[in-house]
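[1] fold the following for me, if possible:
(chains A and B)
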Amino acid sequence: MSGLQGLMEGRVVLVTGAGAGVGRGVSAAFGAAGAIVGIGVRRPEAAEETAADVAAAGGTPVILRCDVTIAEQSAAAIAQLVVDYGRLDAVVHNAVSGRSSEATDFENTTLEEWEDHSSVTVRATWRLAVQAYPHLQKTQGSYLLMSSPAGIEGSERAPFYSAVKAAQRGFVRALAREWGPDHIRVNSVAPLAISPALENMKVLEPERVKRIEGLVPLGRLGDPETDIGPPSVFLCSDEARYVTGQTLVVSGGRFTSL
Amino acid sequence: MATAPTTLVIATKSGIGASLAKRLRDRGDSVLHTDPSLDLADASAVADSLRSLVGSGTVDRVVLAAIDPSAFRAAPINSLTEAEWDQAAEYSMRAAFVALQQAYEVLADGGRVILILPTVATTGVADLVPLCTAVEAIRVMAKAVARRWGARSITVNTIEVELAAFMLGDEDATDVVMPVVPVLGQSALPPGSAIDDVLGLVDMLATPAAGAITGALLVADRGTVMQP
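    Next up is the predicted model:
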């Protein structure tokens, strides 16, 4: 990922849900761009591999306990980065519910399942924004949400996941306008990539994964680090200084009419 | 002899849903309207209400126009408490889920579900982040449901109208505090009655000819927001 070199040199980024999948890959990409990467995870012991990836790529890893459903933890994670490194340039909210890969029986499920999705993907999206705002205002930084193509097309098997990911897109459009005067940019990426959810699906529904791969014009699911990471870094870098309120679909051409 | 179609309107006490229910009733349609004080995020209350309204039968159309009024209060997100955020953004999402889920139980095969939402999320509006967040979530929830319910030939579509039309319907604006929405475009068509525009689309979607339209977004704003 030599193309990323220096793009985020000395910048401080918090990535939530960074222990695996897209979060891990994006963290490594920010490392390759020279960033100090706050690796936000629920269990710090699960972040060692990500930290090693960030360091190997040339960045500075900082493991942070950050269950985004607990306000005190996300506030403390942001505060630690600001205290230790003096600034916060970007927040990448990638964490999702642990149930995001499960099918939702919409007609028979309960609000409890909705809450699982909403607390991580909707409420934490708002809360992280509020907590990061004064710091991003100082650096004229960037807030990046990891949405999903499901949040655009509406998935039959995942109506809750689709809805909360769509919520993020509505959030991005509105907040980009609200924070524009502060020169804080707000965008989202809708990736189709190997993730813990898809890894689970490979075990539970291998035929479904094969079918998805067959629908991708580029013939494969994206790699979190090399396919999803660079566009994410780009959107948080000065190279995207005039890009805000957008959702970048990174899906190997799977979704072309969104 | 065929029985007249019945429309179930799930809506807040004012705004386009309530106005639509009145217009349908005034012209002689069979209309069931949920109690405006019903807590739409209370699944058992909604289930009881719908079963009480519908009895042992079914309905042919469900119109859902239910955004919590707190979402219309313009405020920067930084100024909101968590409880305010929840009420302005997440409550309406929960309500949409519960309403759709419970409506499914009383819908006839081949029925029509029509959601009415404001256009704000298409462009995004500063100081209305909770509203834009909720609207986009509900719109895509409807698409997912459209995919799920197609096997019963139930269609699920969304009509979007300008925010003022959504909030007011046929009502007088004098008592309503309207959020300041920046002008994001000029309508291509001359001004008209939003309720008539919506009524026309609701009728169109109820026709057999519209049976192949599902998961669609129909924007009835006289050409103000034209999607790319």
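[2] so A:Val189 sits in a helix?
    No - membership of A:Val189 in a helix is not supported by DSSP: H, G, I helix; E, B strand; the rest coil, which gives strand.
[3] residues touching it, list them.
    A:Leu144, A:Leu145, A:Met146, A:Ser147, A:Ile228, A:Pro231, A:Ser232, A:Leu235, A:Thr247, A:Leu248, A:Val249, A:Val250 (Cβ atoms under 8 Å, 6 or more residues apart in numbering or on different chains). Yep, even glycine has a C-beta here, placed from its N, CA and C like the rest.
[4] immediately after the lengthiest strand in chain B, which helix or strand?
    Assignment by DSSP state E gives strand B:107-118 as the longest strand of chain B. Once the chain leaves strand B:107-118, the next helix or strand it forms, by DSSP states H and E, is helix B:120-123.
[5] who touches that next one?
    A:170, A:173-174, B:128, B:131-133, B:135-136, B:139, B:160, B:163, B:181, B:184, B:219, B:225, B:227.
[6] any idea which helix or strand comes after the worst-scoring helix or strand of chain B on mean pLDDT?
    The helix or strand of chain B with the lowest confidence, counting by mean pLDDT, DSSP states H and E, is helix B:120-123 at a mean of 90. Counting by DSSP H and E, the element after helix B:120-123 in chain order, helix or strand, is helix B:129-149.
[7] what packs against that following helix?
    helix A:124-139, helix A:150-153, helix A:159-179, helix B:91-106, strand B:107-118, helix B:120-123, strand B:155-161 (3 or more Cβ pairs under 8 Å, 6 or more residues apart in numbering or on different chains; DSSP states H and E).
[8] just the CA trace of that helix, in CSV.
    Once non-C-alpha atoms are left out, helix B:129-149 reads as follows in CSV (Å, rounded to 0.1, in the frame of the first residue of the first chain):
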residue,chain,number,x,y,z
VAL,B,129,-29.9,14.9,11.8
PRO,B,130,-32.2,12.7,13.9
LEU,B,131,-35.0,13.1,11.4
CYS,B,132,-32.8,12.4,8.4
THR,B,133,-31.4,9.4,10.2
ALA,B,134,-34.8,8.0,11.0
VAL,B,135,-36.3,8.6,7.6
GLU,B,136,-33.5,6.8,5.7
ALA,B,137,-33.6,3.9,8.1
ILE,B,138,-37.4,3.5,7.7
ARG,B,139,-37.2,3.9,3.9
VAL,B,140,-34.7,1.0,3.6
MET,B,141,-36.5,-1.1,6.2
ALA,B,142,-39.5,-0.8,3.8
LYS,B,143,-37.3,-2.1,1.0
ALA,B,144,-36.2,-5.1,3.0
VAL,B,145,-39.8,-5.8,3.9
ALA,B,146,-40.9,-5.5,0.3
ARG,B,147,-38.4,-8.3,-0.6
ARG,B,148,-39.7,-10.4,2.3
TRP,B,149,-43.4,-10.0,1.6
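[9] now do it against strand B:155-161, angle only.
    Here helix B:129-149 runs at an angle of 160 degrees relative to strand B:155-161 (axes from the mean of the first three to the mean of the last three Cα atoms, to 10 degrees).
[10] could you report the neighbour count for residue 94?
    As the question left the chain open, I've gone with chain A. Residues lying near A:Asn94 (other Cβ atoms under 10 Å in any protein chain shown) number 28.
[11] meant chain B, my bad for not saying
    Residues near B:Arg94, counting by other Cβ under 10 Å: 21.
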